[in-house]
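# quick one, fold the following:
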Amino acid sequence: MNLGKIWNSCYTGERRDLTGVPRKAAFVLLLGIFSIYLYGVLLPVTPPMFFHRPAILLSIIAVAFLFYSPTRKARKETAVPIVDYLLAGSCFAVMAYYLVNAQLIEIGRVPLIDPLGILELIVGLVMLLLVLEGVRRALGMLLVLFIVPLLFYMYLGAYIPGYWSHMGLSFTEIIDLVSFHPDGIFGMPIWVLTSMVIGFFVFGQLLMGSGLGKTMMTLSMGLMGRYAGGPGKVAVVSSAMMGMASGSGMANVATTGSVTIPMMKKIGFKPEVAGAIEATASTGGGFMPPIMGMGPLIMSQLTGIPYIKILLAAFIPAVLYFSGVIFQTHLEAKKAGLKGAPPEELPSAGKAFAQGWYLFLPLVLLIWLLLEDYSPGKAVVYSMPLIIVLSWLRKATRMGIKQILDCVHRGMMLLVMMGPAMAIGGILLATTGFSGLAGKLASLITTASAESLFVALVIAMVANLILGMPLPGIVCYLITVLLIVPATVKIGVPLMASHLFAIYFSHLAGLTPPTGGAFYIAAGIAGAPPLRTGWIAVKLAIAGFMVPYFFVYRPEVLLIGTPLGIIVGSIITLCGVLP
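Purely as a prediction, here's the structure:
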């Protein structure tokens with residue numbers, strides 16, 4: 001028996017190229033999820049937790065069963081087998097139970113006190129299994145193998161001697177905690193997903209569809225193309241701009257990389273260097289306000305710090321990161337003796353801005369609404385119509401119904417992987433919180449660091465980079481928040497700095513070999529060896545590994561302190577990333 005072959009086959013599913021009825025069904029489901037999201041955001045009264053969240057999450061998992069096969073295939077399949085239709089149907093059957101009994105689950109019983117009936121036990125168990133299988137197919141077996149031991153730890157706690165013991169929960173209580181407790185699967189991560197994140201995903205895609213992405217690329221080429229290694233600097237600047245709209249490193253690589261990587265190779269950059277520059281620049285999309293992925297949204301809920309305050313604090317560090325990447329790109333270009341493109345071959349930055357400046361206005365409106373204390377979910381939804389209206393000002397960018405629906409569809413497709421990951425985040429919060437595991441590990445880290453600030457930060461960094469190898473960035477951030485951030489806060493790190501430290505390294509983990517989506521995609525576009533591309537990306541991103549330490553030792557870069565202190569601290573840290 002070839003165990004390696006079995007593991008490789010079952011590690012994750014294969015993405016299907018759906019056609020015909022299954023493709024149309026998935027498209028309708030994704031549009032339906034977006035409609036439910038809008039209903040929940042715009043409704044004057046917050047919908048019941050166990051109505052709104054199960055409807056969205058279980059629909060996402062059903063779509064995942066349509067798009068991902070049970071095992072890896074040597075040849076991509078297009079047909080959906082009957083077992084996957086049955087699994088998708090199970091999602092809707094479980095959803096029906098939650099929808100019918102939403103009020104009873106939320107206010108009619110007390111979790112872990114009122115016993116579960118046999119029907120509730122079956123529904124809760126199926127809910128857990130559907131989440132785990134959705135995660136395995138879309139994200140891989142390692143994430144499942146990370147969560148399952150935590151569930152066993154919940155059950156065996158009373159039998160574990162010494163420091164790691166806890167009162168333990170029965171099998172029924174674990175199902176109750178995970179599937180029916182407000183802090184379980186449908187807890188805070190899924191609430192953030194269903195009330196905010198979906199809107200930001202669609203908002204970013206609408207911005208790109210409106211022509212803003214093309215304007216950003218043209219503007220970047222006009223500004224940076226003439227300098228040494230110009231296309232490399234274009235990749236950095238355009239990725240920084242794209243990050244304002246997408247907040248996703250891998251999405252940035254796929255969009256800007258398809259243009260900038262061939263340009264870099266054409267002027268003489270080695271394929272692995274071209275891929276590394278794009279991967280490093282695109283990873284910064286998670287650092288550039290006002291989107292920054294899901295980290296700040298969850299951070300705001302965990303800490304109580306307003307979302308807009310987090311965005312403002314993150315601006316200077318993002319500038320420092322991209323400044324460091326541009327400087328490293330410049331050194332690579334000089335080392336290879338590369339020049340910029342002839343000015344006559346470059347577009348006019350002034351003309352590009354004059355033609356497309358108004359496409360940035362939805363981002364301005366979003367920030368203004370956040371400053372006016374609108375919730376992130378409402379702010380992003382209220383900003384969407386402006387994108388569509390502004391696209392109509394020029395025939396070349398005019399968006400019709402088909403283009404709008406395509407943008408919504410692309411944004412919702414990001415949920416097929418993110419939804420199950422966020423559900424796992426809820427299980428993680430529940431199991432580590434109720435068992436006391438989070439507090440125990442945080443106490444150990446504090447002891448291991450001997451209350452040394454630098455040692456604690458290094459432990460936090462290494463833990464993030466290791467956890468980020470098999471886990472999605474948002475799950476990595478949640479684990480760090482539970483297990484490591486409390487230790488750094490206890491030693492004296494400001495709460496804002498501790499969380500942003502975790503967010504930075506959870507993103508940088510995706511750039512660090514041997515795994516990392518950003519550099520693998522970039523290497524594929526460049527036709528370069530992935531691992532070599534990844535190690536070069538780490539070298540180029542050296543500023544990114546330094547900036548989080550500045551959060552702690554120079555909190556002025558987070559806008560903490562007097563105006564003069566902020567200016568001086570920013571200049572000092574800029575000198576640090578530009579040796």
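# could you pull out the helices for the stretch 401-550 of the chain?
Listed in chain order, the helices found in the stretch 401-550 of the chain under DSSP state H, counting those that start in this stretch are 401-413, 415-435, 437-448, 453-467, 473-483, 485-491, 495-508, 517-526, 530-540, 542-553.
# no wait, the stretch 1-150 of the chain
According to DSSP H, counting those that start in this stretch, the stretch 1-150 of the chain carries its helices in the segments 3-10, 20-42, 49-67, 82-100, 102-103, 118-139, 141-156.
# reformat the ones you listed as a markdown table; add distance to I560.
Where C-beta positions appear, they are placed from N, C-alpha and C, glycine not excepted. As requested, these are arranged in a markdown table below (distance: least, CB to CB, whole Å):
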| stretch | distance to I560 |
| --- | --- |
| helix 3-10 | 47 |
| helix 20-42 | 32 |
| helix 49-67 | 35 |
| helix 82-100 | 43 |
| helix 102-103 | 42 |
| helix 118-139 | 36 |
| helix 141-156 | 34 |
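# worst average pLDDT in those?
Comparing the helices of the stretch 1-150 of the chain by mean pLDDT, the weakest confidence falls on helix 3-10, with a mean of 52.
# may I see the buried residues of the longest helix along the chain?
Of all the elements of type helix in the chain, the one with the most residues (DSSP state H) is helix 307-335. Within helix 307-335, the residues that qualify as buried are 307-330, 332-333, counting by 16 or more other CB atoms under 10 Å.
# likewise stretch 145-161?
Neighbour-count burial for stretch 145-161, with 16+ other CB under 10 Å as criterion, is recorded at F146, I147, L151, Y153, M154, G157.
# any stretches of this protein with poor pLDDT?
Across the chain, the ranges flagged by pLDDT under 70 are 1-11, 73-78, 243-251, 469-470, 516, 579.
# excluding its backbone neighbours, what's nearest I277?
Spatial nearest neighbour of I277, chain neighbours left out: G232 (4.9 Å); criterion: CB to CB, 6 or more residues apart in numbering.
# which SS class is the one you found?
helix (DSSP: H, G, I helix; E, B strand; the rest coil).
# mind checking how far the residue nearest to F315 when sequence neighbours are not counted is from L320?
Excluding the flanking residues, the one nearest F315 by CB to CB, 6+ apart is P289, at 5.5 Å. Using CB to CB, to the nearest Å, one gets 13 Å for the distance from P289 to L320.
# thinking again about what came up before, most packed of the helices of the stretch 1-150 of the chain?
When neighbours are counted by mean count of other CB atoms under 10 Å, the highest per-stretch mean among those falls to helix 49-67, a mean of 24.
# count residues in the vicinity of A240, would you?
The local packing count at A240 equals 26, with neighbours defined by other CB atoms under 10 Å.
# my guess is it meets S282, correct?
No: applying CB atoms under 8 Å, one finds A240 not in contact with S282, separated by 9.5 Å.
# ok so, going back, the longest helix of the chain packs against which elements?
Using 3 or more CB pairs under 8 Å, 6 or more residues apart in numbering; DSSP states H and E as the contact criterion, the secondary-structure elements in contact with helix 307-335 are helix 230-245, helix 271-283, helix 295-303, helix 361-371, helix 495-508, helix 530-540, helix 542-553, helix 563-577.
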